[in-house]
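[1] Could you look at this predicted model? Sequence included:
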Amino acid sequence: MKTAYVAVYETLADWEIGYLAVELRTGRFTGDAWRVVTVGESLEPVVTMGGLRIVPDVTIADVEPDAGDLLVLAGSAQWDHGGGEEFAKLAGRFLDDGVPVAAICGATAGLARAGLLDGRKHTSAAKEYLQATGYQGADGYVDARAVIGGDLITAGPDSPVQFARAVLERLGLADERKREAYEGVFHRADPAAYATLVG
């Protein structure tokens, strides 16, 4: 069974990774369930923006990129206040080892500060949001809901469905027809797309 490491920290924007976590863990539309492991800076509980209390399964120190198949980073208040450095370092280790990293919303700012967006196609809330970090990767910015830049998948805060779709595409977990139906059901509420998704 493949493993997705999901970083957890105070004020984690839980809704941003909800679609992705469900599809990875259940495999309900892909037929391929993954093990989802939460990663914290310590094993102390964290509280998400939505008020959910999460006890990390492991710490950053326990994680080796070659033991995982994906690292997921959601937004949180920490990224906008210069925090998350240890998670950005972990993301760098994953990318160095050729293991995909999926970052949404504020996590993209943390990766920008660490130089991990430089030389890679990426997106975020807005180009100006990332430029405020002082990053040098603006030439790789793509104005889109979600972007696959090799082993890096990024999205803005208003695109959790597109984020999940892009990650499923990068991981090869669903063909284009099923990914389009997925977005149709969960983003556009298209009832006709449901038959394709479950069929």
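    Noted; the coordinates are in hand. Residues are numbered from 1 along each chain as shown.

[2] Is Tyr9 in contact with Leu73, as I believe?
    No. Counting by Cβ atoms under 8 Å, Tyr9 does not reach Leu73; the two are 9.3 Å apart. Where C-beta positions appear, they are placed from N, C-alpha and C, glycine not excepted.

[3] C-alpha coordinates for the helix or strand of the chain with the lowest mean pLDDT, CSV please?
    Sorting the helices and strands of the chain by mean pLDDT, DSSP states H and E puts helix 191-198 at the bottom, at a mean of 73. Taking C-alpha atoms only, helix 191-198 is exported to CSV below (Å, rounded to 0.1, in the frame of the first residue of the first chain):
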residue,chain,number,x,y,z
PRO,A,191,-25.4,15.1,-11.8
ALA,A,192,-24.6,13.6,-15.2
ALA,A,193,-20.9,13.4,-14.3
TYR,A,194,-21.7,11.1,-11.3
ALA,A,195,-22.5,8.1,-13.6
THR,A,196,-19.1,8.4,-15.2
LEU,A,197,-17.4,8.7,-11.8
VAL,A,198,-18.9,5.6,-10.3
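
[4] helices or strands next to that helix in the packing?
    Here helix 191-198 is seen to pack against helix 176-186 when contacts are counted using 3 or more Cβ pairs under 8 Å, 6 or more residues apart in numbering; DSSP states H and E.

[5] packing partners for the helix it packs on?
    Secondary structure elements in contact with helix 176-186, counted by 3+ Cβ pairs under 8 Å, 6+ apart, are helix 160-170, helix 191-198.

[6] returning to that earlier point: can you check what angle separates the least confident helix or strand of the chain from helix 176-186?
    Angle, helix 191-198 to helix 176-186, by axes from the mean of the first three to the mean of the last three Cα atoms, to 10 degrees: 130 degrees.
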